[in-house]
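Colleague: got a predicted structure here, sequence first:
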Amino acid sequence: MSKVIISCAVTGAIHTPSMSDALPITPEEIARASIEATEAGAAIIHLHARNPQTGEPTPDPAVFMQFLPVIKQSCDAVINITTGGGLKMTLADRLEAPMMAKPEMCSLNMGSMNFNISGAAEKPREWKHAWEKPYLDGTVDHIFRNTFKDIEGITQELGKGHGTRFEFECYDVGHLYNLAYCIDKGFVEPPFFVQTIFGITGGIGADIRNLMFMRETADKLFGKDYVWSVLAAGRNQMNFCTMAGIMGGNVRVGLEDSLYIAKGRMATSNAQQVAKIRRILEDLSLDIATPAEAREILKLKGGDRVGF
Ligand code: KMH
Ligand code: ZN
């Protein structure tokens, strides 16, 4: 049985600074969170950047360059940069940092969708920054754009152009078929790292039968050519990742996807979530993949062939 790859998405673009003091914001905090998550057992670190003053998601390559080299010099983790970016960014904005950094991996979102995170603004709280509440409220009218042309462009520029491989983000069953279309067209080569995502409003719900169905559909479409991973938003994070481990899959945790460590308890760090899922998986007699093993499983180009 293959070892389990733990990915950790340390900050993302969904949660805002007022929601948790543990959310890394500055380049120093993002670097520290990434290194600690790697020490706790993560093989892949999925990264977004934020404006260091306000915490608002930013596509600025100069901000990415303040933490990418630090992480690379301090640990062996596979660095995976978002191409989804943040809610207000154009596709060109979203691609600026990945095109400069030429990382081993990038996320690739497999379809356009409604992406509604307005629920996060419903709870009354003191907002630290003026942008936070409108950013969240505005998502009732937000389309997360990822057309077939956009997807093809990313596979050409980053994949064929720089040897970057992808975490294919599939938020619903149709996204798996979109990936099958891209494979038929020859845009991407196996092994396909398929991240099935549950519980985003606009995507498939966090119901265990949906996990089974996404897995069955991916088996049918990709056979032995894919490596399966699971993430679930919010309170479903740990139970879905546990199910994934039991079913032979890989897992993604991190404060991008959930701010909690247990029912009613906020996580104090990304590393705490990595340590928890690692303990659960090891208690189930599963072995955790090192970054080197993840590189071998996913046939990555190597950490020495990146642009930072
Ligand atoms: N926040 C996740 C549900 C991306 O960065 O490309 C999706 C994500 C998107 O990770
Ligand atoms: Zn992300």
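Modeller: In hand now; what should we look at? Ligands and ions are numbered 1, 2, ... in the order given.
Colleague: list the contacts of Ile71.
Modeller: Contacts for Ile71 were tallied using CB atoms under 8 Å, 6 or more residues apart in numbering; they are 31, 34-35, 45, 77, 79. All C-beta atoms are positioned from the backbone trio N, CA, C, and that covers glycine.
Colleague: sec struct for the single nearest residue of the chain relative to ligand 1, please.
Modeller: Nearest residue of the chain to ligand 1 (CB to the nearest ligand atom) works out as Gly84 at 2.4 Å. Under DSSP: H, G, I helix; E, B strand; the rest coil, the three-state class of Gly84 is coil.
Colleague: surely it meets Met110?
Modeller: No. Counting by CB atoms under 8 Å, Gly84 stays clear of Met110, with 10.6 Å between them.
Colleague: shared neighbours of the two, which are they?
Modeller: Common neighbours of Gly84 and Met110 (CB under 8 Å, 6+ apart) are 146, 169.
Colleague: tell me which of these two has more neighbours.
Modeller: Between Gly84 and Met110, counted using other CB atoms under 10 Å, the more crowded position is Met110 (27 against 20).
Colleague: dump the residue contacts of the more buried one.
Modeller: Contacts of Met110 (CB under 8 Å, 6+ apart): 146, 151, 168-171, 175-176, 178-179.
Colleague: now swap in Asp93 and tell me
Modeller: 59, 85.
Colleague: residues from this protein in reach of ligand 1?
Modeller: Within the chain, the positions near ligand 1 by CB under 6 Å from any ligand atom are 9, 12, 14, 82-84, 107, 109, 169, 197, 200, 256.
Colleague: and those residues, which is closest to Phe240?
Modeller: Phe240 lies nearest to Ile197 out of these, by CB to CB, at 9.6 Å.
Colleague: in a strand, that closest one, correct?
Modeller: Yes. Counting by three-state DSSP, Ile197 falls inside a strand.
Colleague: measure it to Thr147 for me?
Modeller: The spacing between Ile197 and Thr147, counted by CB to CB, to the nearest Å, is 19 Å.
Colleague: who has more neighbours, those two?
Modeller: Neighbour count, other CB under 10 Å: between Ile197 and Thr147, Ile197 has more, with 24 against 11.
Colleague: for the more buried one, which non-adjacent residue is closest in space?
Modeller: Nearest residue to Ile197, sequence neighbours excluded (CB to CB, 6 or more residues apart in numbering): Tyr171, at 4.7 Å.
Colleague: go on, Phe64?
Modeller: Ala97 (4.3 Å).
Colleague: please tell me how far the one you found sits from Arg252.
Modeller: Counting by CB to CB - Ala97 and Arg252 are separated by 20 Å.
Colleague: who's more crowded, these two?
Modeller: Comparing Ala97 with Arg252 by other CB under 10 Å, the one with more neighbours is Arg252, at 30 against 27.
Colleague: who are the packing partners of the host helix or strand of that one?
Modeller: Using DSSP states H and E, Arg252 falls within strand 250-253. The contact analysis (3 or more CB pairs under 8 Å, 6 or more residues apart in numbering; DSSP states H and E) places strand 250-253 against strand 6-9, strand 226-232, helix 237-246, helix 270-283.
Colleague: and the first one, average pLDDT?
Modeller: What strand 6-9 shows for mean pLDDT is 99.
Colleague: what packs against the next helix or strand along the chain from it?
Modeller: Sequence order places helix 27-40 as the next helix or strand after strand 6-9, per DSSP H and E. Judged by 3+ CB pairs under 8 Å, 6+ apart, helix 27-40 is in contact with strand 6-9, strand 44-47, strand 49-50, helix 61-74, helix 270-283.
Colleague: which one of these lies closest to Val306?
Modeller: So among the helices and strands packed on helix 27-40, helix 61-74 is nearest, using CB to CB, at 7.4 Å.
Colleague: about what we covered before: residues contacting the residue nearest to the residue of the chain closest to ligand 1 when sequence neighbours are not counted?
Modeller: Nearest non-adjacent residue to Gly84, counting by CB to CB, 6+ apart: Asn109, 5.0 Å away. Counting by CB under 8 Å, 6+ apart, Asn109 makes contact with 83-84, 144, 146, 151, 169, 171.
Colleague: how far away is Asn109 from Phe144?
Modeller: For Asn109, the distance to Phe144 - CB to CB - is 7 Å.
Colleague: ok, and for stretch 72-79, which residues are buried?
Modeller: Within stretch 72-79, the residues scored as buried using 16 or more other CB atoms under 10 Å are 72, 75, 77-79.
Colleague: what is the neighbour count of the residue in the chain that ligand 2 sits nearest to?
Modeller: Nearest residue of the chain to ligand 2 (CB to the ion) works out as Thr82 at 4.3 Å. Neighbouring residues of Thr82 were enumerated by other CB under 10 Å; the total is 28.
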